[in-house]
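Peer 1: Give me a 3D structure for the following:
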Amino acid sequence: VQLVESGGGLVQPGGSLRLSCKASGFTLDAYAIGWFRQAPGKEREGVSCISSSDDDTYYADSVKGRFTISRDNAKNTVYLQMNSLKPEDTAIYYCATVCNVGDFGAWGPGTQVTVSS
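Peer 2: Below you'll find the model as predicted:
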C-alpha cells in the first residue's frame with residue numbers, strides 16, 4: 001500500500017500547479033482522500049478532502065475558491081488543482097487515505113510547493 005505525491009515545484013504568486021496523488025497496491029476509489037500541508041514551523045493542516053463516492057468535498061477556508069480536488073479512478077489518482085497561489089501556500093503537501101490529520105491511514109512522503117517571486 002503506497003501513496004506518492006507529485007507535481008510540486010516553484011511557482012510565482014498568482015500561478016498554478018496541479019498536484020497528483022497516485023496509489024499503488026490498492027484502489028483509491030474505496031477511500032476518502034485528503035490533501036494536507038505543513039509549512040516550516042507550523043502544524044500539519046487539512047487542505048481538502050474528497051469522499052469515496054465523490055459526493056462530498058471539503059476545502060479549508062484559506063483555499064476555498066482557489067483549489068479544486070478531483071479523482072480519476074481509471075488512473076488511480078487524486079488531483080489537487082491549485083490556482084491563484086499565494087506565498088502563504090508554500091508548504092510540503094501530503095495526500096492520505098484520511099480526511100483528518102489525526103486519523104490513522106496511509107500517507108505519501110509529500111511534495112514541496114514553493115510560491116515566491
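Peer 1: what sits opposite the closest residue to Gly108 other than its chain neighbours in the beta ladder?
Peer 2: Beyond its immediate neighbours in the sequence, the residue positioned closest to Gly108 (CB to CB, 6 or more residues apart in numbering) is Leu3, lying 3.8 Å away. C-beta coordinates here come from the backbone N, C-alpha and C atoms, glycine included. Here Leu3 sits in beta bridges with Ala23, as judged by DSSP bridges.
Peer 1: For the chain, just list every one of the strands.
Peer 2: When secondary structure is read from DSSP state E, the chain shows strands at 2-6, 9-11, 17-24, 33-38, 45-50, 57-59, 67-72, 77-82, 91-96, 111-115.
Peer 1: Redo these as a markdown table? Include mean pLDDT, mean neighbour count and distance to Phe104.
Peer 2: Written out in a markdown table, the entries for the strands of the chain read as follows (pLDDT from 0 to 100; neighbours: other CB atoms under 10 Å; distance: least, CB to CB, whole Å):
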| stretch | mean pLDDT | mean neighbour count | distance to Phe104 |
| --- | --- | --- | --- |
| strand 2-6 | 96 | 17 | 14 |
| strand 9-11 | 98 | 14 | 30 |
| strand 17-24 | 96 | 19 | 17 |
| strand 33-38 | 97 | 24 | 13 |
| strand 45-50 | 97 | 21 | 15 |
| strand 57-59 | 96 | 15 | 19 |
| strand 67-72 | 95 | 18 | 21 |
| strand 77-82 | 97 | 22 | 19 |
| strand 91-96 | 98 | 24 | 10 |
| strand 111-115 | 98 | 18 | 22 |
